[in-house]
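# Take a look and give me a structure for this.
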Amino acid sequence: MQIKAFKAWCARPDIADQVASVPYDVVDTAEAKALAAGNPYSFLHVSRAEIDMDPGVDPYSPEVYAAGKRTLLRFQADGLLRQETIPQVFLYRQTMGQHTQLGIVACCSTTEYEQKIIRIHEKTRQDKEDDRTRHINTLNAQTGPVFLLYRDNAVLDALVRSLEATTPVFNFTSPDGITHAGWRFASPEVVTRAFLNVPLAYIADGHHRAASAARVARERRALTPNPTGNESYNGFLGVLFPASQMQILPYNRLVKDLHGMTSKAFMDAVRARFTVTPATRAKPAAPGAIGMYLAGRWHELTWTLPDRTSPEARLDVAVLQDRLLGPLLGIDDPRTSKRIEFVGGIRGTEELEKRVASGSHAVAFSMHPTTVEQLMDIADAGGIMPPKSTWFEPKLRDGLYIHTLD
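From the prediction side, this is the model:
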């Protein structure tokens, strides 16, 4: 892999805790407005600029992107963000409870993304890709990093451990209890050389950001006389983590109704497709089992698959979709259906029970997390995971590192 150092705009260390914000796509407008309330430094004023505009404004209107650009320029002019004087590579550490992950912040190559050296496991939606493309082009910057992983590398591990032992540039705990710390590598070229021995990377989270960055690069190359390939638009902001440090949580499912069936008829139909046993726990202990909450009780669903089943079809979420959600509940496209909701495992199975008990949903499914090895195997095979297969925690924060396309 050919990663590059870059002249990042970084949050001023003494206010990094106020600038850093959750990713733009994990909150809606109301949630973003609440999180940024009373904090004029929050990067949500850039990434969700509609929070400072009239209620009811279309978040995808040109005025919103323009407002985000104005705020970014103001943050830069006011010194909330400061640009590095020379190209740098950074280390970003996150600690969530007992889990710690250390990622290398650098520019990744849109060419390597298109060549599948940087591999994907999800399809992108056109509307979301259009949104990020307009955001990058209007702000002339990538303000949210792509979350990537690579198979562990001993040389990189040693470089990271050595830098981690020094004093960080910033170190703070966000309101959700996650600790964030950042460093600069003294010799960025040592890190970029080490990555030449990393054959592949995999997008964990941020498929739309990466696809949009590649699209912007294609568009700008077409308008650049005699492009060299070294233009800043050919890179995208990434944070690269060793695969062994990844924490994937389950992505659970809630369905609003039983597609016209009674609970008994639905259970009979499920028994025809799965082995169903009463469950003493809500969370499946291992892959190959799904927890189902129906009428106040947990059940465990298990199954067998043919030996030649593809890696993506063997995923628990794929089995649930192919054997139950589609044929029994009529949810043929979970990306667009309004009858299904997805709940990140960080919220626990109690949230599933509460929703079913309230009557807002008829049935819930508790999933075992997809493994990192499954993700890489599917990406290596050129496969695509079903929607909402993975939930990575902790999430990267926006606003700490920004890549401008100047």
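# where do the helices sit along the protein?
Per DSSP state H, the chain carries helices over the ranges 16-19, 29-36, 44-47, 62-77, 110-114, 126-139, 154-164, 188-195, 207-223, 263-271, 316-320, 348-358, 372-380.
# what is the orientation angle of the longest one with helix 126-139?
Following axes from the mean of the first three to the mean of the last three C-alpha atoms, to 10 degrees, one obtains 60 degrees for the angle between helix 207-223 and helix 126-139.
# hmm, who's touching helix 207-223?
Residues from elsewhere that reach helix 207-223 (C-beta atoms under 8 Å, 6 or more residues apart in numbering): 25, 110-111, 113-114, 118, 120, 122-125, 128-129, 131-133, 135-137, 142, 144-146, 203, 227, 231, 233-237, 405. In short, each C-beta sits where N, CA and C put it, glycine included.
# ok, and for that helix, which residues are buried?
His207, His208, Arg209, Ala210, Ala211, Ser212, Ala213, Ala214, Arg215, Val216, Ala217, Arg220 (16 or more other C-beta atoms under 10 Å).
# next one: that helix to chain centre, how far?
19 Å (C-alpha atoms, centre = their mean, to the nearest Å).
# likewise the fifth one?
How far helix 110-114 lies from its chain's middle: 19 Å, per C-alpha atoms, centre = their mean.
# average pLDDT across that helix?
Mean per-residue pLDDT for helix 110-114: 97.
# who touches it?
Residues contacting helix 110-114 (C-beta under 8 Å, 6+ apart): 1-2, 118, 210, 213-214, 217-218, 229, 233-236.
# Check these against Asp17 and report the nearest one.
Phe236 (25.6 Å; C-beta to C-beta).
# Report the contact partners of the closest one.
Contacts of Phe236 by C-beta under 8 Å, 6+ apart are Cys107, Cys108, Thr110, Tyr113, Gln142, Val146, Arg209, Ala210, Ala213, Ala214, His403.
# Closest to Arg355 out of those residues?
Nearest to Arg355, judged by C-beta to C-beta, of the contacts of Phe236 is Arg209 at 30.2 Å.
# Give me the distance between the closest one and Val198.
Taking C-beta to C-beta, to the nearest Å as the measure, Arg209 falls 20 Å from Val198.
# Which members of the contacts of helix 110-114 are the farthest-apart pair?
Farthest pair in the contacts of helix 110-114, by C-beta to C-beta: Met1 and Arg218, 20.2 Å.
# Touching, Lys283 and Ala289? I think so.
No. Counting by C-beta atoms under 8 Å, Lys283 stays clear of Ala289, with 9.5 Å between them.
# Those two - which one has more neighbours?
Ala289 (20 against 17; other C-beta atoms under 10 Å).
# Quick one: residues contacting that one.
Glu300, Leu301, Thr302, Asp316, His368.
# right, and out of the residues you listed, which lies closest to Gly177?
For the contacts of Ala289, the nearest to Gly177 is His368 (24.7 Å; C-beta to C-beta).
# want to throw the contacts of Phe236 into a markdown table with distance to Glu351?
Converted to a markdown table, those look like this (distance: C-beta to C-beta, whole Å):
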| residue | distance to Glu351 |
| --- | --- |
| Cys107 | 38 |
| Cys108 | 35 |
| Thr110 | 38 |
| Tyr113 | 35 |
| Gln142 | 33 |
| Val146 | 28 |
| Arg209 | 28 |
| Ala210 | 30 |
| Ala213 | 34 |
| Ala214 | 36 |
| His403 | 36 |
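# I'd like to know which of those is nearest to Val356.
Arg209 (34.2 Å).
# Show the contacting residues for the residue nearest to the closest one when sequence neighbours are not counted.
In this structure, Arg209 finds its nearest non-sequential neighbour in Val146, 5.0 Å apart by C-beta to C-beta, 6 or more residues apart in numbering. By C-beta under 8 Å, 6+ apart, the residues touching Val146 are Cys108, Ile203, Asp205, Gly206, Arg209, Ala210, Ala213, Phe236, Leu237, Gly238, Val239.
# shared neighbours, Lys283 and Ala289?
Counting by C-beta under 8 Å, 6+ apart, the residues touching both Lys283 and Ala289 are His368.
# what's near enough to touch the nearest residue to Val190 once chain neighbours are set aside?
Nearest non-adjacent residue to Val190, counting by C-beta to C-beta, 6+ apart: Leu159, 6.6 Å away. Leu159 makes contacts with Phe185, Val190, Val191, Ala194, as judged by C-beta under 8 Å, 6+ apart.
# and the gap between the residue nearest to Ala66 when sequence neighbours are not counted and Phe75?
Excluding the flanking residues, the one nearest Ala66 by C-beta to C-beta, 6+ apart is Thr138, at 6.5 Å. Computed as C-beta to C-beta, the Thr138 to Phe75 distance reads 15 Å.
# which one of these two has more residues nearby?
Phe75 (23 against 16).
# Would you check that that one makes contact with Leu44?
No. If you go by C-beta under 8 Å, Phe75 and Leu44 don't touch, sitting 11.8 Å apart.
# Count the neighbours of Thr280 for me.
Neighbours of Thr280 (other C-beta under 10 Å): 7.
# let me redo that: Asn39
Counted with other C-beta under 10 Å, Asn39 comes out at 15.
# what does Phe274 give?
Residues lying near Phe274 (other C-beta under 10 Å) number 21.
# give me every residue that touches the nearest residue to it once chain neighbours are set aside.
Leaving aside its sequence neighbours, Phe274 sits nearest to Leu301 (C-beta to C-beta, 6+ apart; 4.1 Å). By C-beta under 8 Å, 6+ apart, the residues touching Leu301 are Val270, Phe274, Thr275, Val276, Ala289, Ile290, Gly291, Met292, Leu324.
# Now the buried members of the residues you listed.
Counted by 16+ other C-beta under 10 Å, the contacts of Leu301 give Val270, Phe274, Val276, Ala289, Ile290, Gly291, Met292, Leu324 as buried.
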